[in-house]
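>>> okay, here's the prediction I keep looking at, along with the sequence it came from:
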Amino acid sequence: MAKTIVVIPTYNEIASIATVIERIHLTTAETHVLIVDDNSPDGTGRLADELAAADERVHVLHRTEKNGLGAAYGAGFAWALARDYDYVVEMDADGSHQPEELPRLIGLLDGGADMGIGTRWIPGGTIVNWPLHRKLISRAGTFYSRVLLRSRLHDLTSGYRGFRADALRAVDFGRVDSQGYCFQIEMAWQFERSGARVGEFPITFIERAEGVSKMSTGIVVEALTKVTLWGLASAVGRAPEPLPLRADVAR
Ligand SMILES: Nc1nc2c(ncn2[C@@H]2O[C@H](COP(=O)(O)OP(=O)(O)O[C@H]3O[C@H](CO)[C@@H](O)[C@H](O)[C@@H]3O)[C@@H](O)[C@H]2O)c(=O)[nH]1
C-alpha cells in the first residue's frame, strides 16, 4: 500500500484541526499528516504539537511568520519529500475538504495519475454554504485561467489535491513563486503543460463552520495579475519554460 502524507497549512485553525485529523485517520488509518503552521496567534501550533506528541502519524512544521499558502506548501512539500512517502496530499484545515473523499484521490494516484485534483465544477461536485461572491470568484477565476492558460482542468484553484511524490520531487520550486491561492493555479497549469498525467474527481466542498477565510484582495490581485501575464506571454510565444519535470514523469 502506498505511503501517504496529507500536508495541511494552518493559520488560526485551532477550532477545526483536531477534528480534520481525526476524520483523516477514521478514513485511512495509516495516513500521516503534516501540519504547517505559520505561528498562529490562536495557538494552533501548540495544539498541533500536542497532537503530534500523542500520535506518531502526526507531524508539525513551525514557520515563524504568515507567509502565504504557496510558501507554506513549498516548505511542507520539501519536508515530506525528504522522507519516504509515495503520495503527498493537500487539504485545508477548516473542514471544507472532506477527508472521507481521500480514497478517491488515492485511487486516482494508484491508477497512474501524477496529480489528482478534487473538483467542484464537474458533475458530482458540490458546494455547500459558500456565499455567492466566493462562488463567483472561484468560477470566474477558473474560467479566466482556463481561457488564458488554455487549460482543460475544471477547478484550477481547488486546494484538495494530491501528487505522486516522484512527480512532485521533479518540480523546481525555485521557479514556483505564487504566494497566495495562485499557487494552486500555477501548480495545476505547470503540471498540465509539462505533460504530467492530471486526473480530476468530484468533491463536496463545505464552507467552514469555524474560524475565518484568509482570502484577501491581495490574493485575488496576485492571481489575476499572474494569470494575465502568463496568458499574454503564452499568446506571443513567450510563456515561461514548463517546469522541468523528469522525463520519466513527463509523458
Ligand atoms: N500556514 C499557512 N496557512 C495558510 C495561510 N493562508 C491560508 N492558510 C491555510 O490554508 C487553508 C485554506 O485557507 P482558507 O482561508 O480557509 O481558504 P478558503 O478561503 O476557504 O479558500 C478555499 O478556496 C480557495 C479558492 O478556491 C482555494 O485556493 C483554497 O485552497 C481553499 O480551498 C487553511 O487551512 C488556512 O489555515 C498562510 O499564510 N500560512
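That came through, no problem. Since the model is a prediction, treat every value here as computed from it, not as a measurement. Numbers count the residues shown, from 1 in each chain.
>>> what ranges do the strands span in the stretch 151-251 of the chain?
Using DSSP state E, counting those that start in this stretch, the strands of the stretch 151-251 of the chain run over 161-164, 198-202, 204-206.
>>> ok, the shortest one near the ligand or not?
Okay, so that is strand 204-206. No. Residues of strand 204-206 are not located near the ligand by CB under 6 Å from any ligand atom, the shortest gap being 7.1 Å. In this view, the C-beta of every residue, glycine as well, is placed from N, C-alpha and C.
>>> each with direction, which strands does that strand pair with?
strand 126-128 (parallel) (DSSP bridges).
>>> mind listing what's buried along the helix or strand following the strand it pairs with?
Next along the chain after strand 126-128, taking DSSP states H and E as the criterion, comes helix 132-149. Of the residues in helix 132-149, I137, S138, G141, T142, Y144, S145, R146, L148, L149 count as buried by neighbour count, 16 or more other CB atoms under 10 Å.
>>> ok, the fifth one to T225 distance?
Distance of Y144 to T225, computed by CB to CB, to the nearest Å: 12 Å.
>>> spell out which residues of the chain are next to the ligand.
Near the ligand, when you scan the chain using CB under 6 Å from any ligand atom, you find 9-11, 13, 36-38, 66-69, 72, 92-94, 96, 138, 157, 159, 181, 184, 213-215.
>>> dihedrals phi and psi, I203?
phi -130, psi 160 (degrees, to the nearest 10).
>>> so what's it up against?
By CB atoms under 8 Å, 6 or more residues apart in numbering, the contact set of I203 is H97, Q98, E101, G118, T119, R120, G125, T126, S158, Y160.
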